[in-house]
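Participant: this one's sequence-less:
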């Protein structure tokens, strides 16, 4: 059962992250910079409330399964999904902070560049979560 919950948490995270990169963020950017920036802020806050617990749950589940089985794939999967946390805080958060600055001109070229940068940085989270999902599924299958 723990395998299922761990994989579910990792794959839900990955699915949401990939959806953001492939669907939501391009769609928001196509609406113009001011609208995209206005929509990005509440979307970012809501995604955080969903994705942070999923990353932590997958990390804990992977570590517990590694301790139970000594299978390094569980540890690698757990560490890979956990890495999204420091990547978010150290790499992506400075861009988030700039996008959320009070008084920011939401229609500016700088805001557009920040939104585009955010999309590229967020892709790191998508790739890490996909890799973690694959590792955790692989671990559970053997």
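Facilitator: Noted; the coordinates are in hand. Since we're looking at a predicted model, the values are computed, not measured.
Participant: Show me where the protein has its helices.
Facilitator: 2-19, 25-29, 33-69, 72-82, 84-86, 93-99, 109-141 (DSSP state H).
Participant: Make TSV from these and add mean pLDDT and mean neighbour count to it.
Facilitator: In short, each C-beta sits where N, CA and C put it, glycine included. Shown next, in TSV, are the helices of the chain (pLDDT from 0 to 100; neighbours: other CB atoms under 10 Å):
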stretch	mean pLDDT	mean neighbour count
helix 2-19	97	20
helix 25-29	98	17
helix 33-69	97	17
helix 72-82	98	22
helix 84-86	96	17
helix 93-99	98	15
helix 109-141	98	18
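Participant: how near is the closest residue to residue 105 other than its chain neighbours to residue 98?
Facilitator: Computed as CB to CB, 6 or more residues apart in numbering, the closest residue to residue 105 that is not its neighbour in sequence is residue 111, at 6.4 Å. Per CB to CB, to the nearest Å, residue 111 is found 9 Å from residue 98.
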